[in-house]
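[1] A predicted structure for the sequence below; I have some questions about it.
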Amino acid sequence: MVNENNRIRVAVQKSGRLSEESLRLLTNCGIRLRPQKEELICQSDNFPLDLLRVRDDDIPGLIADGSCDFGIIGTNVLQEKSLQNGEKSRITHEIIEYLGFALCRLSISVPKNFPYQDIRCLEKCRIATSYPHLLSLFLKQYKLNIKITTLTGSVEIAPRLGIAEGICDLVSTGATLEANNLREVETIFKSQAVLIKSPNLLNPEKKIVSDFLQNKIKQFKKTNKTMS
Ligand code: PRP
Ligand code: ZN
């Protein structure tokens, strides 16, 4: 499905660490949006823009196939999906601006009672993660015998379930690790929100709106001190 009408479509995370700041960014650019809680598509009434509220993991695909023109996504998901689609050489998105919010890191963590000294301690271990490609890329340099177990959620319970010795998951405040008696031992990727654009060619009318939006966001980022 390609978006044929003249309204710009922007995909943002429905609920999670990116959602609030993504909406705030658009609102601060002067775009009036009043998304109801359960509403998945929301039309701006002062700008030819529709907001799509979706799962963050779906955003790179929606941008790649042109269903949406812009997306606000964490570089963690973007990079994982890019590595996953590695062989396909076509351009799937254009990075417009790093936004400096939703900061978090992808880290390897182990139970607090694991006698961890360095990465070699993980030899013959299993690591559970929702980011198998990023983890595999990181581990490649060490040439260790480590098994990656892919889970789509609740990764932090894997050691207690006995299905992995360690995990590789996002850490922000560290509260999830603490609550599960885990200790962060290696940071493998630092993530932040980024504005991406579909590689599909825009019709002239949409291009004007798109350029305007991009400039607004760049301008806002420059003048807003809370964003790095
Ligand atoms: C991540 C991760 C942890 C949590 C860590 O999930 O899976 O559950 O955040 O954050 P903390 O260190 O502040 O406790 P999240 O729901 O943000 O990511 P996802 O839904 O995109 O997988
Ligand atoms: Zn997600």
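    The structure has been received and is ready for your questions. Ligands and ions are numbered 1, 2, ... in the order given.

[2] please name the nearest non-neighbouring residue to Phe47.
    Ile31 (4.7 Å; Cβ to Cβ, 6 or more residues apart in numbering). For every residue, glycine as well, the C-beta is placed using N, CA and C.

[3] run through the residues that contact that neighbour.
    If you count contacts by Cβ atoms under 8 Å, 6 or more residues apart in numbering, Ile31 has them with 44, 46-47, 49, 213.

[4] try it again with 6 Å
    Taking Cβ atoms under 6 Å, 6 or more residues apart in numbering as the criterion, Ile31 is in contact with 44, 47, 49.

[5] and the protein, which residues reach ligand 2?
    For the chain, the residues in contact with ligand 2 (Cβ under 5 Å from the ion) are 56-57.

[6] before we move on, the earlier item: does the residue nearest to Phe47 count as helix, strand or coil?
    Here Ile31 is recorded as coil under DSSP: H, G, I helix; E, B strand; the rest coil.

[7] now Glu80
    Relying on three-state DSSP, one would call Glu80 helix.

[8] returning to that earlier point: closest to ligand 2 out of the contacts of Ile31?
    Leu49 (23.5 Å; Cβ to the ion).

[9] next, count neighbours for the closest one.
    23 (other Cβ atoms under 10 Å).

[10] with Asp50 instead?
    19.

[11] what's the mean pLDDT across the helix or strand where it lies?
    Assessed by DSSP states H and E, Asp50 sits inside strand 49-54. Strand 49-54 shows a mean pLDDT of 96 in the predicted model.

[12] and stretch 154-166, what's buried?
    Neighbour counts over stretch 154-166 (16 or more other Cβ atoms under 10 Å) mark 155-156, 158-159, 164-166 as buried.

[13] what does the strand holding Asp50 rub up against?
    7-11, 14, 31, 33, 40-43, 68.

[14] which of these count as buried?
    7-11, 14, 31, 33, 42, 68.

[15] just send those residues back as CSV, with secondary structure too.
    Converted to CSV, those look like this (three-state DSSP):
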residue, secondary structure
Arg7, coil
Ile8, strand
Arg9, strand
Val10, strand
Ala11, strand
Lys14, coil
Ile31, coil
Leu33, coil
Cys42, strand
Cys68, coil
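
[16] how about these in TSV, adding pLDDT and distance to ligand 1?
    Converted to TSV, the buried ones among the contacts of strand 49-54 look like this (pLDDT from 0 to 100; distance: Cβ to the nearest ligand atom, whole Å):
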residue	pLDDT	distance to ligand 1
Arg7	92	27
Ile8	94	25
Arg9	96	21
Val10	97	18
Ala11	98	14
Lys14	95	10
Ile31	94	24
Leu33	91	22
Cys42	93	21
Cys68	95	18
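
[17] ok so, going back, the buried residues of stretch 154-166 in helices, which ones?
    158-159 (DSSP state H).

[18] which one of the buried residues of stretch 154-166 sits closest to Tyr142?
    Gly166 (13.7 Å; Cβ to Cβ).

[19] quick one: residues contacting the closest one.
    Residues near Gly166 by Cβ under 6 Å, 6+ apart: 108, 110, 125, 127.

[20] could you rerun that using 8 Å?
    108-111, 114, 122, 125-128, 159, 185.
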